[in-house]
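Participant: What follows is a predicted protein model with its sequence.
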Amino acid sequence: MNGAAPAMPSCVQTERHGEIIVLAIDHPPVNALAHPVRSALLDAVLAAEANTGISAMVIQGVGPHFVAGAEIREFDAEPRAPILNDLLLRIEACSKPVIAAIHGNALGGGFELALACHYRFAADDASLGMPEIKLGLLPGAGGTQRLPRLIGAANALSLMLSGESIPCARALTLGIIDRVGPRSNFIAAAVAYADEIVRSGQGARPLRDRPVPPGVLDDAFLGEQRRLAARKFPGVESREPIIECVQAAITLDFDAGLALSRRRFEECRRSSSSRALRHMFFAERGTRGGAAPRAIRRVGVLGAGTMGSGIAISLATAGYSVSLIDTQTAAITAGLTRVRDTVNAAVDKGRLAPAEAAAAIGRVQGSDALASLNDADLVIEAVFEGMAVKQDVFASLGRLCRPGTVLASNTSTLDIDAIAAASGRPEEVVGMHFFSPANIMRLVEIVRGRATLPDVIATAAAVSRRMGKLGIVVGNCFGFVGNRMLYAYGRENHLLLLEGATPAQIDSAMEGFGMAMGPNAVGDLAGLDIGYRVRRERQDLPDDPRYYRVADLLVEAGRLGQKAGRGAFLYAQGSRRPVPDPEVDALIAAESQRLGIARRTIEDSEIRDRCLIALINEGARILTEGIAASPGDIDAIWCNGYGFPRFRGGPMWYADTLGPAAVLSAIHRFAAAHGNRYWTPAPLLTDIAARGDTFDAWHKQHSSRGNL
Ligand code: 3HC
Ligand code: NAI
């Protein structure tokens, strides 16, 4: 073991163009400003500053982006010098002009780097934004102080509180960009621009020396910004600090404002919402890697109902040719109308260009002939939920489709292996469980059958990604990950109703925790009859007269949910607003009495704990069984499919914040009070709690993530 390790290639390459030096940040995949990049950039800037032969510097990013921001993983540890703030101060203090040459994304710290440069030259594909709020952070490297000086405090604040990126043209109008150049020959054009700056003697131009343009952040404006941000980023602790720092840009001098933003950044970095959101950032990458996906161009969607038409919209807007097939002509007509209306509505909302919409609509053909699927590369089945009909359909697909066609089912509960077996080629069958409305909801559970080939799973993942969806691979069991956990959560909801809580109290307790909707309003929205029918078909329900008893009662009383104008709540004609109904309370109270359950006052904290800990315990079982590959997958599923609050990081991350030992002792407490039928801790939870570990740490030790 002798000899020095080979030198690491530098993250910053330099190239001389006469008196101009180009400093190219080369740190794939997105040039995040990790410690080695900061060090290398600082060295390169200092060397260029000291070199009398150099008159100006151009900073660019190698690859598809300029710089996508700070390295998010580094926020879990204490900052390491040179910190970004100091590096940017040093760049800004250069006596020679520094020009940012921006293409692709300049986000967060990447945008702040561009602001510390004296001039900004951009390609027309450039996109700039400060997405820190999405991570529970604020722009911590001077952005809150420099951007208001450039475009005014109001414009700067709305950009930071929205987290959205703006295209090059808008950045030019706002005055963020000084000059736009062609994407081809971009660096040559940037060098020519730098040369022009040198020749004209314009020199360095630090933003710190500029006053914030006049204008006040009045109460009406701030009130509106607060309202928008609270709706978009509930529970995120960096909202107020962002406002405070932008106000400081007006009221304090640059150094004092910068020092304040630095302190607030550190507080936000340590906040529970930022930790949770950073966890979500990585959890939401979706399943990647593994085998190469098959090439997909033509997709057949079988069943033109609610789900089939929604899936067709997502496929067509992503560029796939779609055959939408149904046995009912009326269903085909209705499905095609829905595709057309939804795509056209996207044009009205400015989300889609008219030409793209016309092309998307033109890609969808309706048909009642299953035989037209013989040239499909992928078929997604979305017919009625029932094993007999699905097996019948898959037997036909197995005969009709050419070998190599991927056969996917959108079943939400049925055994994918039993469906696959009927096709005669189970290795090409996979579950693609979309959520309703399928054209809006981002989540797709990709269900791996016993025989499913890795490239078939990779294909489902690639198609999901191309549709802009989050595909997470899960194992095959009743309800897969999301709905199986929902059963445990819903079980406690229904037991609590019999024990003394009302639907309104439970929903308010869960919404207070941050759930997008309470469980009773969700049941009404989905339709209580769906679960009712599934429970009738299941053979493995617990022998417990209390189990989902209230849901059954509601259905038997004709209270099917929103579509019937009444379910757990009442709904006025045409309204989606749940109104508590004394008739439901009386119905439940009578049932409690019939079952001999003494009703009592239930605290909101008990509601939250029982519903959430039931969810966590089921999640731990799912992990033990390998139905989910990681706690992060479960978290991504629950935050994207079930309205779990992102700022709490999903159920398994939430378990870690409570501490698995505390979760375990709550289960023991519930078992003592209610028996252990439902309150037996998952062995994995017991194990992790005994070791004083967390689900996150356990997963990092046993990581299998990324393998399809
Ligand atoms: N830090 C660490 N990793 C990052 C990263 C970052 N800032 N940005 C992207 N990555 C990683 C992704 O996790 C992914 O890794 P994987 O391949 O292992 O899954 C890889 O880079 C490629 O990313 P994408 O798959 O997302 O690539 P796309 O081309 O689809 O999108 C992007 C590119 C638009 C730049 C997108 O990655 C993105 O939005 N990144 C996050 C940007 C961000 O939030 N920046 C702010 C950071 S906080 C900050 O800067 C604080 C400062 O104020 C001090
Ligand atoms: P739906 O009743 O709206 O549509 C089903 C369509 O399939 C009907 O138009 C029917 O005519 C057609 N169909 C029935 N048999 C057929 C056959 N043999 N060949 C061709 N077409 C046939 O049903 P929905 O809600 O769209 O559900 C479809 C599937 O999606 C089910 O498996 C369901 O469990 C699943 N799912 C539904 C969700 C929802 O919220 N509605 C959510 C996630 C999955």
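Facilitator: Nice, I can see it. Numbering: from 1, shown residues only. Ligands and ions are numbered 1, 2, ... in the order given.

Participant: Extract the C-alpha trace of the helix or strand G223 falls within and format it as PDB.
Facilitator: Per DSSP states H and E: G223 is located in helix 219-232. The C-alpha trace of helix 219-232 is given here as PDB (Å, rounded to 0.1, in the frame of the first residue of the first chain):
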ATOM      1  CA  ASP A 219     -49.600  45.300   4.600                       C
ATOM      2  CA  ALA A 220     -52.000  44.400   1.800                       C
ATOM      3  CA  PHE A 221     -49.100  43.000  -0.300                       C
ATOM      4  CA  LEU A 222     -47.600  41.200   2.600                       C
ATOM      5  CA  GLY A 223     -51.000  39.800   3.600                       C
ATOM      6  CA  GLU A 224     -51.600  38.400   0.200                       C
ATOM      7  CA  GLN A 225     -48.000  36.900   0.000                       C
ATOM      8  CA  ARG A 226     -48.500  35.300   3.400                       C
ATOM      9  CA  ARG A 227     -51.800  33.800   2.400                       C
ATOM     10  CA  LEU A 228     -50.400  32.400  -0.900                       C
ATOM     11  CA  ALA A 229     -47.400  30.900   0.800                       C
ATOM     12  CA  ALA A 230     -49.400  29.500   3.700                       C
ATOM     13  CA  ARG A 231     -51.600  27.700   1.200                       C
ATOM     14  CA  LYS A 232     -48.700  26.400  -0.900                       C
END
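
Participant: So which bits of it are buried?
Facilitator: By 16 or more other Cβ atoms under 10 Å, the buried positions in helix 219-232 come out as 222, 225, 229. Quick note: C-beta positions are derived from backbone N, CA and C, even for glycine.

Participant: list the helices and strands that helix packs on?
Facilitator: helix 153-162, helix 239-251 (3 or more Cβ pairs under 8 Å, 6 or more residues apart in numbering; DSSP states H and E).

Participant: Any idea how far it is from the middle of the chain?
Facilitator: When distances are taken as Cα atoms, centre = their mean, to the nearest Å, helix 219-232 is centred 23 Å away from the chain's centroid.

Participant: Likewise for stretch 658-665?
Facilitator: Put simply, stretch 658-665 sits 27 Å off its chain's centre (Cα atoms, centre = their mean).

Participant: closest one to ligand 2 among the helices and strands packed on helix 219-232?
Facilitator: helix 153-162 (30.7 Å; Cβ to the nearest ligand atom).

Participant: Kindly calculate the angle that the closest one makes with helix 239-251.
Facilitator: Interaxial angle of helix 153-162 relative to helix 239-251 (axes from the mean of the first three to the mean of the last three Cα atoms, to 10 degrees): 160 degrees.

Participant: which secondary structure elements does the helix or strand that helix 153-162 is followed by contact?
Facilitator: Using DSSP H and E, the next helix or strand after helix 153-162 towards the C-terminus is strand 165-167. Judged by 3+ Cβ pairs under 8 Å, 6+ apart, strand 165-167 is in contact with strand 127-129.

Participant: Let me see the mean pLDDT of the helix or strand just after the strand it packs on.
Facilitator: Next helix or strand after strand 127-129 toward the C-terminus (DSSP H and E): helix 143-151. If you average the pLDDT over helix 143-151, you get 98.

Participant: likewise stretch 168-184?
Facilitator: When pLDDT is averaged over stretch 168-184, the result is 96.

Participant: Grab the nearest non-local neighbour of the residue of the stretch 201-350 of the chain found nearest ligand 2.
Facilitator: Going by Cβ to the nearest ligand atom, ligand 2 is nearest to G305 of the stretch 201-350 of the chain, at 1.8 Å. Excluding its sequence neighbours, the residue lying closest to G305 (Cβ to Cβ, 6 or more residues apart in numbering) is A331, at 6.2 Å.

Participant: can you narrow the buried residues of helix 219-232 to ones near ligand 1?
Facilitator: Counting by Cβ under 6 Å from any ligand atom, nothing from these sits close to ligand 1.

Participant: Just the closest of those to I151, please.
Facilitator: Distance to I151 across the buried residues of helix 219-232 (Cβ to Cβ) is lowest for Q225, with 15.2 Å.

Participant: And that closest one, how far from ligand 1?
Facilitator: According to Cβ to the nearest ligand atom, to the nearest Å, Q225 stands 19 Å off from ligand 1.

Participant: what sits against that residue?
Facilitator: Taking Cβ atoms under 8 Å, 6 or more residues apart in numbering as the criterion, Q225 is in contact with 157-158, 161, 243.

Participant: show me where pLDDT drops low in this structure?
Facilitator: Filtered on pLDDT under 70, the chain yields the residue ranges 1-8, 286, 704-708.

Participant: Centre-most residue in it?
Facilitator: E284 (5.2 Å; Cα atoms, centre = their mean).

Participant: how many neighbours does the closest residue to it other than its chain neighbours have?
Facilitator: Distance criterion Cβ to Cβ, 6+ apart; nearest residue to E284, sequence neighbours excluded, is A636 at 5.1 Å. The number of residues packed near A636 is 28, by other Cβ atoms under 10 Å.

Participant: A636 falls within a helix, correct?
Facilitator: Yes - judged by DSSP: H, G, I helix; E, B strand; the rest coil, A636 forms part of a helix.

Participant: mind checking how far it is from ligand 2?
Facilitator: Relative to ligand 2, and taking Cβ to the nearest ligand atom, A636 is found at 17 Å.

Participant: Wait, that residue touches K469, no?
Facilitator: No - using Cβ atoms under 8 Å as the test, A636 is too far from K469 to be in contact (11.5 Å).

Participant: got any residues that touch both of the two?
Facilitator: Common neighbours of A636 and K469 (Cβ under 8 Å, 6+ apart) are L443.

Participant: Isn't G215 up against N155?
Facilitator: No - contact criterion Cβ under 8 Å: G215 and N155 do not qualify, at 9.3 Å.

Participant: more crowded one of those two?
Facilitator: For G215 versus N155, neighbours defined as other Cβ under 10 Å are more numerous around N155 (18 against 13).

Participant: before we move on, what SS does I472 have?
Facilitator: Per three-state DSSP, I472 ends up strand.

Participant: Now do the contacts for the closest residue to ligand 2 within the stretch 451-600 of the chain.
Facilitator: Nearest residue of the stretch 451-600 of the chain to ligand 2, counting by Cβ to the nearest ligand atom: A526, 6.1 Å away. Going by Cβ under 8 Å, 6+ apart, A526 touches 436, 561.

Participant: Over to the one 5 residues further on?
Facilitator: With contact set as Cβ under 8 Å, 6+ apart, G531 has these partners: 490, 523, 548, 551.

Participant: ditto for G104
Facilitator: 61, 63-66, 123, 125-127.

Participant: hang on, I380 in a strand?
Facilitator: Yes - counting by three-state DSSP, I380 is located in a strand.

Participant: close enough to count as contact, it and G300?
Facilitator: Yes - the pair I380 and G300 passes the contact test of Cβ under 8 Å, sitting 7.3 Å apart.

Participant: what's the spacing between the residue nearest to the centre of the chain and ligand 1?
Facilitator: Using Cβ to the nearest ligand atom, E284 is found at 9 Å from ligand 1.

Participant: Would you check that that residue makes contact with G471?
Facilitator: No - when contacts are counted by Cβ under 8 Å, E284 is not listed as touching G471 (11.0 Å).

Participant: Check what contacts stretch 179-193 and list those residues.
Facilitator: So stretch 179-193 is contacted by 17, 20, 22, 58, 60, 99, 101, 103, 119-125, 168, 172 (Cβ under 8 Å, 6+ apart).

Participant: Among the residues you listed, name the ones in helices.
Facilitator: Within those, residues falling in helices by DSSP state H are 168, 172.

Participant: Filter the contacts of stretch 179-193 to keep only those in contact with ligand 2.
Facilitator: Of the residues in the contacts of stretch 179-193, proximity to ligand 2 by Cβ under 6 Å from any ligand atom holds for none.
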